[in-house]
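1. Give me coordinates for this.
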Amino acid sequence: MALNFEAVKVSLKQDRTGFILTLNIHPDEIPEDLLRDFVGARYGVAMVRINDDETPVDYTVKKAGMLCRTRDFQVWLQDTGHIEKISESAAVRAVCDICGVTSRAELTALNDLFYKMVDEYEAWKKTQPF
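-> Okay, the predicted model is just below:
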């Protein structure tokens, strides 16, 4: 059963075992199961940042920009025949062509072609020796 609630990030720190995220949850929002669970219980977490108007923040454009600057992604685009010469600008053009947009700014989380491309790139990366 999934627990749904809104929370505010209070702090993020690191110790020898990983990162410690502290959230502030309003008393009316906290699920009873979360209150009753033991300290150290493991959770699979999915979080979506929300804007002031309650809409989710879309990181697709940011992710596309980060990928286009990544040499491994550029190599994948070349290996798959999407670009001839490795460069950020060639990667940007290829992403736009693959996703059917004229600029990365047009990408949204609803662009299935973008996420299909990312999945293919991630699968390719797992096969590489680096």
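2. OK, contacts around Asn4?
-> By CB atoms under 8 Å, 6 or more residues apart in numbering, the contact set of Asn4 is Pro31. Every residue, glycine included, has its C-beta placed from N, CA and C.
3. Does it belong to a helix, a strand or coil?
-> coil (DSSP: H, G, I helix; E, B strand; the rest coil).
4. if I look at it, how far off is Tyr43?
-> 13 Å (CB to CB, to the nearest Å).
5. Over to Trp124?
-> From Trp124 to Tyr43 the distance is 31 Å (CB to CB).
6. For the longest helix anywhere in the chain, name the packing helices and strands.
-> In terms of residue count, the longest helix belonging to the chain (DSSP state H) is helix 112-126. The helices and strands touching helix 112-126, judged by 3 or more CB pairs under 8 Å, 6 or more residues apart in numbering; DSSP states H and E, are helix 60-68, helix 71-79, helix 88-99.
7. in the last one, what counts as buried?
-> Residues of helix 88-99 classed as buried by neighbour count (16 or more other CB atoms under 10 Å): Ala90, Ala91, Val92, Ala94, Val95, Cys96, Ile98, Cys99.
8. same check, this time on the second one
-> Applying a neighbour-count criterion of 16+ other CB under 10 Å, the buried positions in helix 71-79 are Phe73, Gln74, Val75, Trp76, Leu77, Gln78.
9. How about the backbone phi and psi for the residue of the chain positioned farthest from its centre?
-> The outermost residue of the chain relative to its centre, with distances by CA atoms, centre = their mean, is Arg36 at 30.7 Å. For Arg36, the backbone dihedrals are phi -80, psi -20 (criterion: degrees, to the nearest 10).
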